[in-house]
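# quick one: sequence and predicted model below, then my questions.
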2 protein chains.
Amino acid sequence: MKWHSLDEERCSVARTVAVIGDRWSLLILRDCFLRVRRFDDFQARLGITRHLLSDRLKKLVRYGVLRRAPYQERPRRYEYILTQKGLDLHPVLMAVVHWGDMHMGDEPGRPALHRHRQCGQLFDPVTTCSECGEPVTARDVVVEPGPGARPAAEAG
Amino acid sequence: MKWHSLDEERCSVARTVAVIGDRWSLLILRDCFLRVRRFDDFQARLGITRHLLSDRLKKLVRYGVLRRAPYQERPRRYEYILTQKGLDLHPVLMAVVHWGDMHMGDEPGRPALHRHRQCGQLFDPVTTCSECGEPVTARDVVVEPGPGARPAAEAG
DNA sequence: GTATAAAGTTCCTTTATAGAACTATTGGTC
DNA sequence: GACCAATAGTTCTATAAAGGAACTTTATAC
């Protein structure tokens, strides 16, 4: 399996990895959720090379996760803003942050906390079942082939 | 920021990216959740080179996500099994699959479906607030610096 | 002794990333 | 009008990582 054909795999993990499965894309998206929008701000915060940042932003725009919007004329300059498709990656980021908090933490404690606007509390994300509302863990789930599955036991 | 020092960043996204932020690790973990355990099975299903598979499995074992357990003597052979730390990545995988289903899908439909053992229904993962139980989206969350944050506005 | 199986390792080529310098466009300063 | 700053990139070269194929090791079956 080559990198460039990952988004054609019959697996939703592979298709998502095509978008976010590299060293930088998730970190760029983290900053997007923190309202960073401009090239030099991304570059300074992340320490990514300008070349790669340019490349990754183009990729994220191509996949419709970010959009490139002009924020001034003369000289015309652009900033990068999350689309709805990008905003929908929020559960992925929340799950990633929570796992990092639980399993990759160190002495000083969590780097960031999340407050729920509606209830006002600091919270952790809990993955629940859309049908019954109960929390879901790995052992609670049975994976079945869907309509887009490959013929045999290669499902993903 | 260099790749090898990513797990020392004061950011839970960066620390998690150090573990799963490459082309292959998430795909290997997907197969782990589908109960694939052996070297040649991973290799055949993923099409990853044996060299890289060996490397990634070592990395995942080193980070405590998988453990290497002997399944036979003479010749002594090992399989790779999710630890609790690895099982705790399930919400990340579920969020990744769901995003792929929603935004990277194609004609034939979803490659895989998930059934909740407890309620028996096919379901989608919903990220909810641990405090009030309500669903959480990007716009509902305020990020605040935690005890392990850097001095200024560099939080993540 | 020949073949098969599983789990890697080794070697070489191709591709991606790191790091630094350079370009383009405009506004402001001396 | 020459020079500097700000912003958003592009270009160049060296190094690191990934891809691809063959080889090694340990043991059983024929």
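Structure's in. What do you need?
# residues contacting the nearest residue to residue A:36 once chain neighbours are set aside?
Counting by Cβ to Cβ, 6 or more residues apart in numbering or on different chains, residue A:36 lies nearest to residue A:42, which is 5.9 Å off, once chain neighbours are set aside. C-beta coordinates here come from the backbone N, C-alpha and C atoms, glycine included. Applying Cβ atoms under 8 Å, 6 or more residues apart in numbering or on different chains to residue A:42 gives the contacts A:28, A:31, A:36, A:48, A:53, A:57, A:80.
# could I get the full set of helices for chain A?
Assigned by DSSP state H, chain A shows helices spanning A:12-20, A:25-33, A:39-46, A:50-62, A:84-87, A:90-103.
# out of those helices, which is closest to DNA strand C?
helix A:50-62 (4.4 Å; Cβ to the nearest atom of the strand).
# how about that closest one as CSV, C-alpha atoms only?
The C-alpha atoms that make up helix A:50-62 are tabulated as CSV, following Å, rounded to 0.1, in the frame of the first residue of the first chain:
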residue,chain,number,x,y,z
ARG,A,50,8.0,26.6,6.0
HIS,A,51,8.3,24.2,3.1
LEU,A,52,6.4,21.4,5.0
LEU,A,53,3.9,23.8,6.5
SER,A,54,3.0,25.0,3.0
ASP,A,55,2.7,21.5,1.8
ARG,A,56,0.5,20.3,4.7
LEU,A,57,-1.8,23.3,4.5
LYS,A,58,-2.3,22.7,0.8
LYS,A,59,-3.1,19.0,1.5
LEU,A,60,-5.6,20.0,4.2
VAL,A,61,-7.2,22.5,1.8
ARG,A,62,-7.3,19.9,-0.9
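# tell me if it is near DNA strand C.
Yes - contact of helix A:50-62 with DNA strand C (Cβ under 7 Å from any atom of the strand) involves A:50, A:51, A:52, A:55.
# count residues in the vicinity of the second one, would you?
To tie it back to what came earlier, the one meant is residue A:51. Neighbour count of residue A:51, defined by other Cβ atoms under 10 Å in any protein chain shown: 8.
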